[in-house]
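J.: Quick check, what structure comes out for this input:
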Amino acid sequence: MSNKKRVLFLCTTNSCRSQMAEGILKAIGSDEFEVESAGAKPSIVNPWAIKVMAEIGIDITHQRSNTVTEFVGQEFDFVITLCGDYAKDTCPVFIGKTQQRLHWNFVDPAEAKGSEEEVLSVFRKVRDLIKTQIEKFVKESKELENE
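T.: Numbers count the residues shown, from 1 in each chain. Got it, this is the predicted structure:
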């Protein structure tokens with residue numbers, strides 16, 4: 001049995017925010033965390049998300065969009081929702097067993113409009129915000145373990 005903490009990232013379509021979060025946490029915390037992601041209405045991994053993640057050296061092309069129901073019956077240490085405006089997002093609910101539920105409010109970059117560069121700019125901004133939040137999460141998790 002693994003001593004790794006299990007993390008499930010959730011967002012609406014499991015195409016951008018949760019995919020980027022999964023990739024980032026796997027890249028920086030693979031020794032400590034087992035990571036999955038899912039959505040209320042899964043679709044595909046967004047090509048823009050793949051592109052901006054590749055810019056920071058993280059390949060998420062092998063990831064797939066999952067439905068939250070695939071994880072029913074599983075136990076997670078952390079379930080983290082990444083939905084933004086609840087009026088627009090259908091944020092999934094995980095009814096399984098978890099130690100802690102967290103919510104990180106990020107806009108959906110898939111809603112970005114404009115030129116290719118303008119859309120990429122939104123994806124990069126959300127990616128960087130998620131990366132900063134995950135780095136903080138990993139640091140705090142290590143501090144709690146050392147108490």
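
J.: from what I can see residue 103 touches residue 79, true?
T.: No: the criterion here is CB atoms under 8 Å, and residue 103 misses it with residue 79 at 9.6 Å. In this view, the C-beta of every residue, glycine as well, is placed from N, C-alpha and C.

J.: And those two? Which one has more around it.
T.: Neighbours per residue (other CB atoms under 10 Å) separate residue 103 from residue 79, with residue 79 holding more: 26 against 13.

J.: The more buried one in helix, strand or coil?
T.: For residue 79, the secondary structure call by DSSP: H, G, I helix; E, B strand; the rest coil comes out as strand.

J.: Please report the confidence value the model assigns to it.
T.: Looking at residue 79, its pLDDT stands at 91.

J.: which residues does it form a beta bridge with?
T.: Residue 79 has these beta-bridge partners by DSSP bridges: residue 8, residue 101.

J.: That one and residue 11, how far apart?
T.: For residue 79, the distance to residue 11 equals 12 Å [CB to CB, to the nearest Å].

J.: Quick check: chain neighbours aside, which residue is closest to residue 59?
T.: Nearest non-adjacent residue to residue 59, counting by CB to CB, 6 or more residues apart in numbering: residue 53, 7.2 Å away.

J.: so how many other residues sit close to that neighbour?
T.: A count of nearby residues for residue 53, using other CB under 10 Å, gives 23.

J.: and the gap between it and residue 135?
T.: Distance, residue 53 to residue 135, using CB to CB: 15 Å.

J.: Kindly report the same for residue 30.
T.: In this view, residue 30 and residue 135 are 14 Å apart by CB to CB.

J.: Compare those two and say which is more crowded by neighbours.
T.: Legend: neighbour count by other CB under 10 Å for residue 30 and residue 135, higher for residue 135 (14 against 11).

J.: Send over stretch 108-117 as CSV, restricted to the C-alpha atoms.
T.: Output in CSV follows, covering the C-alpha atoms of stretch 108-117 (Å, rounded to 0.1, in the frame of the first residue of the first chain):
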residue,chain,number,x,y,z
ASP,A,108,-12.2,28.8,-17.1
PRO,A,109,-9.6,29.6,-19.7
ALA,A,110,-11.7,27.8,-22.3
GLU,A,111,-14.0,30.8,-22.2
ALA,A,112,-11.2,33.1,-23.4
LYS,A,113,-12.0,35.0,-26.6
GLY,A,114,-9.8,36.9,-29.1
SER,A,115,-6.7,36.2,-31.1
GLU,A,116,-4.6,33.1,-30.6
GLU,A,117,-2.1,35.2,-28.5
